[in-house]
Every structure is written in structure tokens, then in C-alpha cells.
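[1] predicted model and sequence below, questions to follow.
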Amino acid sequence: MLRRRLNPVEARVLVLGLAFKENCPDLRNTRVMDVVDALRDYGIAVDVHDPWVDADEAEREYGFKPVAEPALGGYDAMVLAVAHRQFAEWGEKGIRAFGRPGAVLYDVKYVLPREAVDGRL
């Protein structure tokens, strides 16, 4: 984000996925919360979207509800954190549609081709 001159303190980030593993509603032991917490520690506004998880269960477990429909064109960065089939079907173009011009796309789970993303872990 810094390379693109995006101020993390004022950024909005969309995390795609919250479940423990792909195509599964299980929230137990999810490591995605480590990513969400780290981003929030920097003062970043984080939305999480996961079509597989129950929003009420996520709120009970983690104190927030995932967004049902992320805002198109509303994010400075998107983090593909769980390899749900829906995210793979959206592909780069579908996921980048959530970003503002110049938004960064990180693919933690190697769902998209390397040339389609700005960073991987």
C-alpha cells in the first residue's frame, strides 16, 4: 500500500473470507482474525465478507458481523484470505471491482495467478 502511496491509517480494506478453511462455514480456530486484528492495530477500517459463515455466529465469536455485500469501488485494498470457490469464480476482475482506482490486491491463499495480484505471503 505504501508503494502506491496509500495511507494505511486512512485506508479501507476488504478481507475476503473468515472461515477456517475453504468452502466451509466453520469459524473455529480461524487464522484470518490475526490478519483482521493486525490491520485494525494500524487504524485501518476493515470489512470482512464471507458467504459461507453465519453472520450472527461471527458476531458472537469475534464481535462483528461480516458484510453481506461489499461496496463496489469502496476499498483501498482487498485481501483474499480464504480460497472459497466463489472468490475463485469472481477472478481478478470481480475482486478488483471492490477496489478504488489503484487499489492493492493481496492473495494469501494463491487463488489467483501471480500476475493478477499485487502481493502474496
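    Received it, and whenever you're ready, just let me know what you need.
[2] in the chain, which residue is closest to the centre?
    Val15 (1.4 Å; C-alpha atoms, centre = their mean).
[3] bridging residues for that one?
    Val48, Val79 (DSSP bridges).
[4] from Arg60, how far off is it?
    19 Å (C-beta to C-beta, to the nearest Å). Glycine gets a C-beta too; all of them are placed from N, C-alpha and C.
[5] if we can go back for a sec, tell me the contacts of the residue nearest to the centre of the chain?
    Contacts here follow C-beta atoms under 8 Å, 6 or more residues apart in numbering; on that basis Val15 touches 32, 35-36, 39, 46-49, 78-79, 81.
[6] out of these, show me where the pLDDT dips lowest.
    On pLDDT alone, Leu39 ranks lowest of the contacts of Val15, at 92.
[7] what's the local residue count around it?
    18 (other C-beta atoms under 10 Å).
[8] residue contacts, it?
    13, 15, 46, 79.
[9] show me which pair in those residues is furthest apart.
    Taking every pair in the contacts of Leu39 and measuring C-beta to C-beta, the maximum separation is 8.9 Å, between Val46 and Val79.
[10] shared neighbours, these two?
    13-15, 39.
[11] select the longest strand from this protein.
    Longest strand in the chain, counting residues (DSSP state E): strand 99-107.
[12] contacts made by that one with the rest, please.
    Here strand 99-107 makes contact (C-beta under 8 Å, 6+ apart) with 1, 4, 6, 14, 73-80, 92, 95-96, 112, 116-121.
[13] tell me which of those fall in helices.
    In helices, judged by DSSP state H, the following of the contacts of strand 99-107 are found: 92, 95-96.
[14] if you rank those by neighbours, which is first?
    Ile95 (24 neighbours).
[15] thought it was touching Met78?
    Yes. Using C-beta atoms under 8 Å as the test, Ile95 is close enough to Met78 to be in contact (5.6 Å).
[16] what residues sit buried inside the strand or helix carrying Glu61?
    Element membership for Glu61 (DSSP states H and E) is helix 55-62. Buried positions in helix 55-62, judged by neighbour count with 16 or more other C-beta atoms under 10 Å: 58, 62.
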